[in-house]
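**Q** can't give you the sequence, but here's the structure:
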Ligand SMILES: Nc1ncnc2c1ncn2[C@@H]1O[C@H](COP(=O)(O)OP(=O)(O)O)[C@@H](O)[C@H]1O
Ligand SMILES: [Mg+2]
């Protein structure tokens, strides 16, 4: 494989040919080649190759070839020769998401994030965003949204991408079989799509069962019966009850059992933290049923006695990404201290975001580094074991990780489309950028714009 970057120009010549500078042809090992296949995403055209006496990496294409290839723009771009006789321009990175009617924020609250991601490799890659309805399969094109350098966004018809980064925001929509079929069409055409869909809490439990990293997952039950819940309370004295398709801490109960005093339920109601006591189990189960009808759709999980700061539990968001060598890395870590009386550590319920160094120093002093490094190793192990049992391509994972009072590492939840709220912390902004760089690098790997050691 040969790869480099080049500058694409439009030439006024009319001849059906492409013109490459000598330097570019040499870099791509095409100096002796008479005809070449120029590719951009799903489009390709084979033409005579003519060499120009010009230094630097330059490629001149006719206006008609530019239109045929549906290149999003001219200028600098990566170019690879994977087959011996090709110039594959790209990568074309497509971000799959929902598009709303707005010229300034076409992706709603995700707009800033998408623009930031598109900046990472803007001088070497073609980025565009699209929604499922923007794809024209019979033409092999996408009615894409691309950023304008002067600000704002514009529509342009481009080829199918080399790689798809899935940021569809709706759990419900992703569960539709039509959406599954839509995504499968990319795979069938050999276009990798990563971050296939949201995980439910129970999916992760299934993926990890039988793996080495399963030891990091608290004892859990899906759809517990009243009897099972009671048994779990007797065994662990402390459990979490969480909607399996939930997020943001919504609908979560923290239940404890004290043989002398009975059952306690802590949860959030009308924007406030509530604590109720029940002498008998019946009272507790009535409360749970009153709110949910039943315990279907819930996961009951052994409660973990988390390390604390100022009497408030502390946990961590590990933002994991793949890198250019297809390996998992810990791109960023945010520490989250729970608000007083809150069941979770979410900022919306009074939680506070800190750096892990800040937080762990308060708990472990000079041993903080060793504890953090152990947690990172565990997170990598978790990501590897989840990936091994998952049938789709993963590029990113967000783990909610706790450390208990015996220094054991636990994972409560794995998010396959992790939010980016930890990057609001000023000290984590740089890691936010680094995480996008990793995702870009992983796109290069998936789209074969980067040499693979494993072939
Ligand atoms: N088993 C548990 N033991 C202790 N704390 C937990 C447990 N499960 C969840 N939590 C706390 O609740 C928070 C939210 O739980 P999580 O499973 O991440 O649900 P959500 O999808 O709502 O974010 C966690 O970040 C953690 O602070
Ligand atoms: Mg969570």
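**A** That came in fine, so what should we check first? Since this is a predicted model, take the numbers as computed values, not measurements. Numbers count the residues shown, from 1 in each chain. Ligands and ions are numbered 1, 2, ... in the order given.
**Q** nearest residue to the spatially most central residue of the chain other than its sequence neighbours?
**A** Per Cα atoms, centre = their mean, the C-alpha nearest to the average position across the chain is that of residue 396, at 3.7 Å. Leaving out its chain neighbours, the residue that sits closest to residue 396 by Cβ to Cβ, 6 or more residues apart in numbering is residue 321, at 5.1 Å. C-betas here are computed from N, CA, C, even on glycine.
**Q** which phi and psi does the one you found have?
**A** phi -140, psi 160 (degrees, to the nearest 10).
**Q** Write down the beta-bridge partners of it, one by one.
**A** Residue 321 has the following beta-bridge partners by DSSP bridges: residue 329, residue 396.
**Q** Touching, it and residue 331? I think so.
**A** Yes: with contacts counted by Cβ atoms under 8 Å, residue 321 reaches residue 331, the gap being 4.6 Å.
**Q** what touches both of the two?
**A** 435, 438 (Cβ atoms under 8 Å, 6 or more residues apart in numbering).
**Q** Compare neighbour counts for the two and give me the winner.
**A** For residue 321 and residue 331, the more surrounded residue by other Cβ atoms under 10 Å is residue 321, and the numbers stand at 26 against 22.
**Q** got a list of what the residue nearest to the centre of the chain touches?
**A** Each residue near residue 396 by Cβ under 8 Å, 6+ apart is listed here: 194, 195, 319, 320, 321, 322, 416, 417, 418, 435, 439.
**Q** can you do 7 Å?
**A** Shown in contact with residue 396 (Cβ atoms under 7 Å, 6 or more residues apart in numbering): 195, 320, 321, 418, 439.
**Q** And residue 169, by the same measure?
**A** 97, 98, 110.
**Q** Now do the helices in this structure.
**A** With DSSP state H as the criterion, the chain has helices at 22-27, 63-69, 111-120, 171-175, 177-188, 201-208, 226-236, 281-292, 356-364, 368-389, 429-446.
**Q** on contacts alone, who are the packing partners of the third one?
**A** Which is helix 111-120. helix 429-446 (3 or more Cβ pairs under 7 Å, 6 or more residues apart in numbering; DSSP states H and E).
**Q** okay, the angle between the helix it packs on and helix 111-120?
**A** Orientation of helix 429-446 against helix 111-120 (axes from the mean of the first three to the mean of the last three Cα atoms, to 10 degrees) gives an angle of 60 degrees.
**Q** May I see the buried residues of helix 429-446?
**A** 431-446 (16 or more other Cβ atoms under 10 Å).
**Q** and what of stretch 350-363?
**A** The neighbour-count criterion (16+ other Cβ under 10 Å) identifies 350, 351, 352, 353, 354, 355, 356, 359, 360, 362, 363 as the buried residues of stretch 350-363.
**Q** pretty sure the second one is in contact with residue 338, am I right?
**A** Yes: under the criterion of Cβ atoms under 7 Å, residue 351 is in contact with residue 338, at a separation of 5.5 Å.
**Q** so what's the closest residue to residue 399 other than its chain neighbours up against?
**A** Nearest-residue entry for residue 399: residue 318, 4.3 Å, with adjacent residues in sequence omitted and distances by Cβ to Cβ, 6+ apart. Residues in contact with residue 318 (Cβ under 7 Å, 6+ apart) are 330, 333, 379, 399, 401.
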